[in-house]
Each structure stands twice: as structure tokens, then as C-alpha cells.
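Asker: Here is my input; please provide its structure:
(one chain, ligands or ions: 1)
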Amino acid sequence: MNIVLGVSGGIAAYKAPELVRRLQDAGADVRVVLTPNAARFVSPLSLAAVSNHGVIIDQWGDASTGGVDHIELARWAELLLIAPATANILAKLAIGIADDALTTYALAHRAAMIVAPAMNTFMLQHPTVQQSMATLRARGVEVLDPDSGLLACGDEGSGRMPDVPELVEIVKSHFAQRDLSGKSVLVTAGPTREPLDPVRYLSNRSSGKMGYAIADAARRRGATVTLISGPTARQEPPGVAITRVRTADEMHAAVMAAAAQHQIVIKAAAVADFAPAEVADRKIKKREGVDELTIKLRRTPDILADVAKLSPRPFIVAFAAETNDVEANARDKMQRKGADLIVANDVANESIGFDSDQNEVLVIARDGTVTRLAKAPKSVIANRVLDLVVRQLTPI
Ligand code: PMT
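Answerer: I've put the predicted structure just below:
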């Protein structure tokens with residue numbers, strides 16, 4: 001993997017040496033091109049030391065050798081990764097300005113390009129930044145969605161560069177063999193909302209992050225992906241056909257209509273097991289002297305169990321959200337529901353499972369084999385789960 005890492009002048013530039021190291025661990029040869037502003041955030045000397053190559057900052061190259069650095073580099077590179085990408089560099093890339101070594105190189109670069117925008121939320125939302133991102137996407141550049149969280153400026157919101165392990169995972173899957181090519185994968189994600197009346201519902205804390213990460217990873221590995229999603233605030237993964245549903249009944253109908261056309265069904269959604277037996281057509285009012293309200297619930301259809309009855313039957317991956325006896329409960333669930341693999345997470349642990357960026361899971365196969373996946377970003381967990389799916393589907 002010959003990678004040019006372009007670094008522009010945002011605070012996340014301080015992660016560049018770690019990114020170089022982790023890319024090297026994954027087998028990459030990395031050459032770094034810095035903008036002059038990036039060189040204020042991260043030391044070129046450190047980057048030269050970790051990459052074992054000179055770092056390019058000056059667009060005029062080394063005049064004494066007469067070499068044209070950016071053309072030489074473009075012949076060598078298989079990928080240009082720009083991380084972090086500031087609003088400024090996104091705009092320059094979108095309209096083709098070449099006024100420093102990195103933007104000049106980007107014009108000469110012929111292979112694939114991935115950019116990781118990172119900036120304050122207000123800047124990210126500015127129409128010119130959004131337009132630059134859209135222009136680059138339309139040109140075939142992979143523009144990553146920034147993560148949400150605490151930003152360097154102290155604000156909370158979208159605009160963080162994805163963590164280094166996540167970036168490495170994206171680069172690895174770019175180079176990886178497209179081992180799901182020719183396969184169709186149906187993924188469910190997010191919560192369901194079960195209405196009580198026109199303004200209230202029963203739901204759970206699922207954010208959709210785990211299911212969306214699986215859909216995105218499967219698409220990167222060459223699969224044709226359908227995503228059936230409960231209500232979430234997540235951005236739609238590119239290249240994935242998405243159907244939006246609200247209730248367990250709607251999810252059941254959407255999955256049953258699509259499952260038979262897919263070879264693999266992965267059920268990461270947190271589907272309500274019970275829904276209000278009756279839905280009031282007007283807002284339920286509190287009344288004087290009435291201190292209690294009893295809500296009668298009915299069982300929702302078990303989507304997974306119904307998919308398992310299909311013939312021919314797809315390969316089924318269930319998820320189990322458990323708060324105690326995680327492994328034993330997950331094994332029992334796999335048998336009862338007829339899944340081929342079950343991914344069990346301990347949702348009593350606030351740092352993993354529901355609504356967190358990371359997960360830590362046990363994957364149990366029908367033959368009883370248990371694989372522990374250590375705490376990692378959900379994109380990494382998604383790829384490791386898909387590795388196990390591919391292994392199960394590949395005859396020995
Ligand atoms: O969305 P995130 O915030 O990223 O959180 C991820 C997650 C915790 C939701 C996810 O990792 C997870 O564990 N999803 C499954 C949650 C769940 O509903 O588990 P369960 O043990 O109640 O259900 C077991 C399996 O049966 C699941 O695959 C579920 O999709 C499926 N099911 C459940 C009920 C139902 N009526 N029909 C179903 O098919």
C-alpha cells in the first residue's frame with residue numbers, strides 16, 4: 001500500500017504521527033505532504049522520523065536535484081488520504097487551486113482519494129463547505145462523515161476527525177480484497193418507536209451506529225446492501241439502499257418483503273418486543289383524581305424467527321443486547337431464534353453498546369465457537385463481525 005498522507009492545518013493534525021505508525025503497522029509505506037499551516041500544528045521532523053521519508057512542505061521541491069516532487073509522487077501513490085482536511089483545503093480541492101505542495105500534489109494525483117474533514121460544527125454546516133464536500137463526492141472522492149463529540153474549541157457537535165483506528169480500518173478496507181463482492185446483505189439498524197398516542201411512544205436508546213457501521217463496511221467490501229432503519233439521526237451511508245420504518249410492525253413488513261432477495265441478513269436493530277395494545281387517536285390527558293395509568297402491551301412479531309423460517313433461508317446474524325449472563329443468554333437466543341451467528345453486547349456497560357462510538361462483543365457461532373472482539377470503534381467491530389461471516393460462508 002503506497003499512501004500519500006496529506007495533512008492540513010487543523011488541530012487534529014497532531015494525530016498525524018500516530019496515523020503514520022498505525023498505517024505502517026497495517027503494511028503501508030507512507031509519505032507525508034504538509035500544508036505550511038499544518039506544520040504549525042505538527043512537527044515535520046517527527047513525521048519524517050516516523051515515516052522514514054522526507055516530508056514535503058515546499059511546493060518548489062529540492063531545486064538542486066531538478067526533480068518534480070509532486071509528479072514523482074503521483075506515479076508512486078496508490079491512495080491520497082487527507083486527514084485532517086480543513087474547510088480551506090476542501091474549497092481549494094473542489095475548485096482546483098494549487099498554491100502549496102499539498103494542493104499542487106492533489107492535482108497531479110491519479111489514484112483514489114479519501115478526505116477526512118475536521119472543523120467546528122458551524123464551519124462544517126456552512127453552505128460553501130457543504131458544497132465543496134458535495135463537489136468532491138460527485139467527482140468520486142471519498143469524503144468521510146466527521147464524527148460527533150467534544151471539539152477542540154470546546155463545543156459539542158459534528159466536526160471531529162474519525163479516530164486513528166477508524167481511519168486505518170477505512171484505508172485497509174479500501175485495499176482489501178472485496179470479499180463480499182456478489183453478495184447481497186440486508187442490515188437492520190436503530191430503534192423502533194411504538195406509539196401510545198399521537199405525541200408519545202415507547203422506544204429504546206439505540207442510535208443506529210452499530211447497524212450503520214455494518215452496512216457501510218459491507219458496502220466497502222463489495223456487497224449490495226439494503227439498510228432497514230428505525231428512526232435515527234445518522235447520515236445515510238453512501239451506496240446503500242435505505243428503507244426507513246418506525247414501528248416493529250413496519251420493520252417486520254419491510255424485512256419480510258426484502259429478506260428472501262438477500263443472502264445475508266444482519267439484525268443489529270433494537271426492536272421493541274412489546275407495543276401498546278391500543279393507540280389512542282388523541283393525546284392521552286391527565287385527569288383530576290387519577291394518579292395511575294395502566295398501559296396494556298402486546299407482543300410484536302419476532303422478525304428474526306420469521307426470517308429463519310424462509311426457504312431458501314439467508315445466513316442470519318442476530319445481535320443480543322444483554323445486561324447479565326451475556327454469553328449464556330446469547331447462546332440461548334441464538335438457538336431459539338435460529339440464527340447462524342449471534343453478536344452479544346453487554347448493554348449494562350455505558351461505554352459500549354447503546355449510543356456509544358465503541359463496542360466490545362462476543363460472537364458465538366452455531367458450532368459453539370466464541371470469538372471475543374475487544375473494545376474498538378464500531379466500524380472496526382463491524383469489519384471483524386463481517387470477517388467471521390465470510391469465514392462461516394467459505395467452505396473449508
Ligand atoms: O444502535 P446503537 O446505539 O449503535 O447500539 C447498538 C445495539 C446495542 C442496539 C446493537 O449492538 C444490538 O445489540 N442490537 C440488538 C438489540 C436487541 O434488540 O437485542 P435483543 O436481545 O432484544 O434481540 C435479539 C435479536 O432479535 C436482535 O437481532 C433483534 O434485532 C431481533 N429481534 C428482536 C425483537 C423482535 N421483535 N424481532 C427481532 O427480530
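
Asker: Measure how buried the nearest residue to Pro237 once chain neighbours are set aside is and give me the count.
Answerer: Nearest residue to Pro237, sequence neighbours excluded (C-beta to C-beta, 6 or more residues apart in numbering): Asp216, at 4.1 Å. Backbone N, C-alpha and C define where each C-beta goes, glycine included. Using other C-beta atoms under 10 Å, Asp216 is surrounded by 25 other residues.

Asker: which parts of the worst-scoring helix or strand of the chain on mean pLDDT are buried?
Answerer: Every helix and strand of the chain was ranked by mean pLDDT, DSSP states H and E. The lowest is strand 147-150, at a mean of 78. By 16 or more other C-beta atoms under 10 Å, the buried positions in strand 147-150 come out as Asp147.

Asker: what's the offset of it from the middle of its chain?
Answerer: How far strand 147-150 lies from its chain's middle: 14 Å, per C-alpha atoms, centre = their mean, to the nearest Å.

Asker: what's the answer for stretch 387-395, then?
Answerer: Stretch 387-395 has its C-alpha centroid displaced from the chain centroid by 21 Å (C-alpha atoms, centre = their mean).

Asker: Let me see the residues that make contact with it.
Answerer: Stretch 387-395 has contacts (C-beta atoms under 8 Å, 6 or more residues apart in numbering) with Asp179, Leu180, Ile264, Ile266, Phe315, Val317, Asp340, Leu341, Val363, Ala365, Thr371.

Asker: which residues sit against the least confident helix or strand of the chain?
Answerer: Applying C-beta under 8 Å, 6+ apart, the set of residues contacting strand 147-150 from outside is Glu156, Gly157, Ser158, Gly159, Arg160, Met161, Pro162, Asp163, Glu166, Asp357.

Asker: So the third one lies in a strand, does it not?
Answerer: Think Ser158. Yes. When DSSP: H, G, I helix; E, B strand; the rest coil is applied, Ser158 is found to be in a strand.

Asker: What does the pLDDT read for the residue nearest to Pro237?
Answerer: pLDDT for Asp216: 92.

Asker: repeat for Ala277
Answerer: Model confidence at Ala277, given as pLDDT, is 97.

Asker: where does the stretch 251-396 of the chain come near the ligand, residue by residue?
Answerer: Taking C-beta under 6 Å from any ligand atom as the measure of proximity, the stretch 251-396 of the chain contacts the ligand at 267-271, 273, 300, 302-304, 318-321, 333, 345, 347, 353-355.

Asker: Please repeat the previous calculation with a cut-off of 5 Å.
Answerer: 267-271, 300, 302-304, 318-321, 345, 353-355 (C-beta under 5 Å from any ligand atom).

Asker: Of the residues you listed, which belong to strands?
Answerer: Counting by DSSP state E, the part of these found in strands is Lys267, Ala318, Phe319, Ala320, Ala321, Asn345.

Asker: just curious, which of the residues you listed is nearest to Leu124?
Answerer: Nearest to Leu124, judged by C-beta to C-beta, of those is Asn345 at 30.2 Å.

Asker: and that closest one, bridged to which residues?
Answerer: Beta bridges link Asn345 to Ala321, Val361 when assigned by DSSP bridges.

Asker: What's the local residue count around the nearest residue to Val279 once chain neighbours are set aside?
Answerer: Leaving aside its chain neighbours, Val279 sits nearest to Pro195 (5.1 Å; criterion: C-beta to C-beta, 6+ apart). Number of residues near Pro195 (other C-beta under 10 Å) recorded here: 16.

Asker: what does the model give Pro195 for pLDDT?
Answerer: 97.

Asker: Pull up the gap between it and Val317, please.
Answerer: 29 Å (C-beta to C-beta, to the nearest Å).

Asker: Does the ligand have contacts with the helix or strand hosting the residue nearest to Pro237?
Answerer: Assigned by DSSP states H and E, Asp216 belongs to helix 209-220. Yes. For helix 209-220 and the ligand, the contact criterion (C-beta under 5 Å from any ligand atom) is met by Lys209, Met210.
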